[in-house]
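Participant: Build the 3D model from these lines:
(2 chains)
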Amino acid sequence: MIFRGERSGGRAIPWRPSNVHRGVSGLRFPVGRLPDEALLSGLATGDPELAELFVRRFQHRVFGVAMAVTGDPQLAEDVAQQTFERAWRHAQIYDSRRGSVGTWLTAIAHNLAVDAVRARRTEPMAPEDLDPLLDAVTETPERWALADEASTQLRAALARLPREQARALMMAGIYGMTAQQIADAERIPLGTAKTRIRAAMAKLRTALASPEGGDHVR
Amino acid sequence: MSGDTHCEKLHEVGAELALGVLPGRERAEAVAHLDGCADCREYVRQLTGIGDRLVGLLPESEPPSGFDTRVAAGLAEQAAGAAGGRPARAAAQGRRSRVRRVRPRLAAAAAALTVAVGFAGWAVGSAVEGAVTASSSPAVESEPVLVGDMIPAGGGQPVGEVYAHPGSPAWIFVSVALPGTPYNGRVTCLLARADGTTTRVGDFPLRAGRGNWGVAVPVDLTRYSAARLTAADGTVLATAQLQQGKVLAPET
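Facilitator: Here you go, the predicted model:
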């Protein structure tokens, strides 16, 4: 039996011959059925077919992070490519106790994107980009209905934050801006910027820790 | 410890630390405190997890056409290049040879690094990754895994390798290339306990003696000491003695 990854609910999928893919290198397995961790191990072996499967599985997520942070398709492509190269080089140090393969990859992509933007611009973000992005991460349309519960809770908690706290959190957590940069961008005292970041994170932490998803977050 | 002024200070800057935006000096002070405070490490670990999940909310985006094949080709090229032009398979073995297994002891550098970032979130982890890349020390621990080289039944050089992850779900990844054995057909993979009893993982195809596969296995992998490949008639083709250990990061 082949199992989907944990985030797919750990459902067992019978390995039927009709589902089996045979590649030029002799690799043979049900396409898309390998757990993310196994695919990452395969990536480490240097098998080109596994590499393509791995990239295909995660490219939209990685490119999405790179685009959101950089706002530049060319730079985002560079960042996304570097992300996969780094994952390949460091596949052996992936530790599933710290999070899923997807989380690991998006963290790599995020850090590379923030570094890339810092290297190219003095301004880490265009102010007009922030509100649309904030709307995007807090939207709860029907297509998120099947998303995992924790993400739904986080989106909801984020949506309940006072707008100025959510902006500060996005500036720090997504664009990698320091409290001083946030203070400059928002024209507020440094202490206020720090307080907003801290308050926002505290509320999200409370929301995610409560069984009801933090209905009382203000 | 929670009433300690250092803990209070840490809680003031913990969010910025977890999000990776705390400036150098403050960051150094905070990390120094985390070195000796388990409660604060846990606090920052939780915040780091929230930061990672925040990034995970970003919308997906369609990459440029052909991105996947270009990147995969680049990785294969690098794999071949890393082995001095040898085929990808050999390159993989070359990489593998730089991966050292260690017994439960942790290299001092790894331990220090782990303590320094204690909470071990990915956001901080990637910063550590950069430090590791730049450092001359290759010692960074990974998750515990079971690893073993597939040795042919008659002895000799390894003909494959096994990685097994005893988590949930547990999974096993096997790669094998039997030299001079143009074996086409199915082989059975068995997990063997120290007392000789075995559990069948499944049947897998080999083509020209080569194949690799990964499957989830609903067993406690830590109870097994070896993995074995047998032909359809029961002949043992190769066996890997599984070692419990950790894998160190490549030196490059």
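Participant: quick one: the strands in the chain?
Facilitator: Picking chain A for this. A:2-3, A:12-13, A:20-22, A:28-30 (DSSP state E).
Participant: not quite, I wanted chain B
Facilitator: Counting by DSSP E, the strands of chain B are B:101-102, B:144-152, B:160-165, B:171-177, B:185-192, B:198-206, B:210-216, B:226-230, B:236-241, B:243-247.
Participant: Would you mind giving the domain segments of chain B?
Facilitator: For chain B, automatic domain parsing gives the domain ranges B:1-58+B:98-141, B:144-247.
Participant: Any chance of TSV for those domains, columns mean neighbour count, mean pLDDT and distance to A:T138?
Facilitator: In short, each C-beta sits where N, CA and C put it, glycine included. Formatted as TSV, these follow (neighbours: other C-beta atoms under 10 Å in any protein chain shown; pLDDT from 0 to 100; distance: least, C-beta to C-beta, whole Å):
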stretch	mean neighbour count	mean pLDDT	distance to A:T138
domain B:1-58+B:98-141	18	64	8
domain B:144-247	18	80	31
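Participant: and of these, who's closest to B:A76?
Facilitator: domain B:144-247 (15.0 Å; C-beta to C-beta).
Participant: Tell me the spacing between B:Y163 and B:A170.
Facilitator: 12 Å (C-beta to C-beta, to the nearest Å).
Participant: all helices of the stretch 51-200 of chain B, in order?
Facilitator: With DSSP state H, counting those that start in this stretch, the ranges of helices along the stretch 51-200 of chain B come out as B:67-82, B:88-97, B:108-116, B:122-134.
Participant: do chain A as well
Facilitator: Assigned by DSSP state H, the helices in chain A fall at A:36-44, A:48-70, A:73-89, A:101-120, A:127-138, A:149-160, A:163-173, A:179-186, A:190-209.
Participant: got a markdown table for the ones you listed, with mean pLDDT and distance to B:F67 too?
Facilitator: Below are these laid out as a markdown table (pLDDT from 0 to 100; distance: least, C-beta to C-beta, whole Å):
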| stretch | mean pLDDT | distance to B:F67 |
| --- | --- | --- |
| helix A:36-44 | 76 | 16 |
| helix A:48-70 | 91 | 6 |
| helix A:73-89 | 93 | 7 |
| helix A:101-120 | 91 | 13 |
| helix A:127-138 | 80 | 22 |
| helix A:149-160 | 86 | 25 |
| helix A:163-173 | 96 | 26 |
| helix A:179-186 | 94 | 31 |
| helix A:190-209 | 95 | 33 |
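Participant: could you redo those helices as a markdown table and give each row mean neighbour count and distance to B:H33?
Facilitator: A markdown table is the format used below for these (neighbours: other C-beta atoms under 10 Å in any protein chain shown; distance: least, C-beta to C-beta, whole Å):
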| stretch | mean neighbour count | distance to B:H33 |
| --- | --- | --- |
| helix A:36-44 | 25 | 33 |
| helix A:48-70 | 24 | 30 |
| helix A:73-89 | 21 | 30 |
| helix A:101-120 | 22 | 23 |
| helix A:127-138 | 14 | 31 |
| helix A:149-160 | 17 | 28 |
| helix A:163-173 | 23 | 20 |
| helix A:179-186 | 19 | 19 |
| helix A:190-209 | 20 | 16 |
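Participant: Dump those to TSV, plus distance to chain B.
Facilitator: Output for the helices of chain A, formatted as TSV (distance: least, C-beta to the nearest C-beta, whole Å):
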stretch	distance to chain B
helix A:36-44	3
helix A:48-70	4
helix A:73-89	5
helix A:101-120	4
helix A:127-138	4
helix A:149-160	6
helix A:163-173	5
helix A:179-186	6
helix A:190-209	4
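Participant: Quick one: these as TSV, columns for distance to B:G155 too.
Facilitator: Shown next, in TSV, are the helices of chain A (distance: least, C-beta to C-beta, whole Å):
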stretch	distance to B:G155
helix A:36-44	26
helix A:48-70	29
helix A:73-89	33
helix A:101-120	36
helix A:127-138	58
helix A:149-160	50
helix A:163-173	55
helix A:179-186	63
helix A:190-209	54
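Participant: so which of these comes closest to B:G154?
Facilitator: helix A:36-44 (27.5 Å).
Participant: packing partners for the closest one?
Facilitator: Secondary-structure packing of helix A:36-44 (3 or more C-beta pairs under 8 Å, 6 or more residues apart in numbering or on different chains; DSSP states H and E): helix A:48-70, helix A:73-89, helix A:101-120, strand B:171-177, strand B:210-216.
Participant: Of all those, which one comes closest to B:A76?
Facilitator: Nearest of the helices and strands packed on helix A:36-44 to B:A76, taken as C-beta to C-beta: helix A:48-70 at 3.8 Å.
Participant: Which strands and helices lie in contact with the closest one?
Facilitator: Checking 3+ C-beta pairs under 8 Å, 6+ apart, helix A:48-70 ends up next to helix A:36-44, helix A:73-89, helix A:101-120, helix B:67-82.
Participant: switch the cut-off to 10 Å
Facilitator: Applying 3 or more C-beta pairs under 10 Å, 6 or more residues apart in numbering or on different chains; DSSP states H and E, one finds that helix A:48-70 contacts helix A:36-44, helix A:73-89, helix A:101-120, helix A:127-138, helix B:38-56, helix B:67-82, helix B:88-97, strand B:210-216.
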